[in-house]
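> How does the following fold in three dimensions:
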Amino acid sequence: MSPRSPRSARLTRALLGVARLPRDDWALLALALVLLPPVSVGLRLVGLRRALALVEALSPARRRCAEDDPRGAPRTAWLVEVAARCWRPRPTCLAKALVVLSLLKRRGLPAQLVVGVTKARGPLEGHAWVELGGAVVGADPGPASYAVLVRMPAWLPTSATIAPRERAP
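Numbering: from 1, shown residues only. Below is the predicted model:
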């Protein structure tokens, strides 16, 4: 009999952990499993701007409730990471960050999408993550080494809130 490989042991622990999830976490995991493929495909087909519009349409903002504790945000990011491991090809950091942003927005939390770059490991490399109150959501160690290019708040102004331009006579 051969000893179990470290990878299968990790998978077994992960599955046992997922099996013990509370009902609310199962709902979040199911939603992440549903959102990841269209967001990933949307990013490839239509680009970031339209994918953000898709995320905005899929996750209408609601008022923040007492049970919407920001301490649950890292758990949401972890559940999206678990869901991402189920798909092939694996979703990019940008797709995962958009799904986390969408799920946090559904809970009424003012998270923001952050995109950064680094050249620390040679060629220019980009990364996306979500921040809530200035802190990185989840256990992503990477953002500390990236220079921030852009921060996109969860609530972008819509065309209805922007005053129309007046035409010159």
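> Over to the residue nearest to Leu124 when sequence neighbours are not counted. Which of the three states is it?
Distances taken as C-beta to C-beta, 6 or more residues apart in numbering place Val117 nearest to Leu124, at 5.9 Å, with adjacent residues excluded. From N, CA and C alone the C-beta is placed, and that goes for glycine too. With DSSP: H, G, I helix; E, B strand; the rest coil as the basis, Val117 sits in strand.
> so what's Val117 scoring on pLDDT?
pLDDT for Val117: 92.
> Any buried residues in the helix or strand hosting Val34, and which?
In this structure, Val34 sits in helix 23-46 according to DSSP states H and E. Residues of helix 23-46 classed as buried: Asp25, Leu28, Leu29, Leu31, Ala32, Leu33, Leu35, Leu36, Val39, Ser40, Gly42, Leu43 (neighbour count, 16 or more other C-beta atoms under 10 Å).
> Touching it from outside, list them.
18, 21, 50-51, 54-55, 58, 75-76, 79-80, 82-84, 86-87, 91-92, 94-96, 98-99, 102-103 (C-beta atoms under 8 Å, 6 or more residues apart in numbering).
> Could you give the separation of it from the chain centroid?
On the basis of C-alpha atoms, centre = their mean, to the nearest Å, the separation between the geometric centre of helix 23-46 and that of its chain is 9 Å.
> all helices for the chain, in order.
Remark: helices of the chain, listed N- to C-terminal, are 6-19, 23-46, 48-58, 73-84, 93-106; assignment by DSSP state H.
> Compile the ones you listed into TSV and extend it with columns for mean pLDDT and distance to Ala128.
TSV is the format used below for the helices of the chain (pLDDT from 0 to 100; distance: least, C-beta to C-beta, whole Å):
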stretch	mean pLDDT	distance to Ala128
helix 6-19	67	24
helix 23-46	89	10
helix 48-58	78	9
helix 73-84	92	12
helix 93-106	91	4
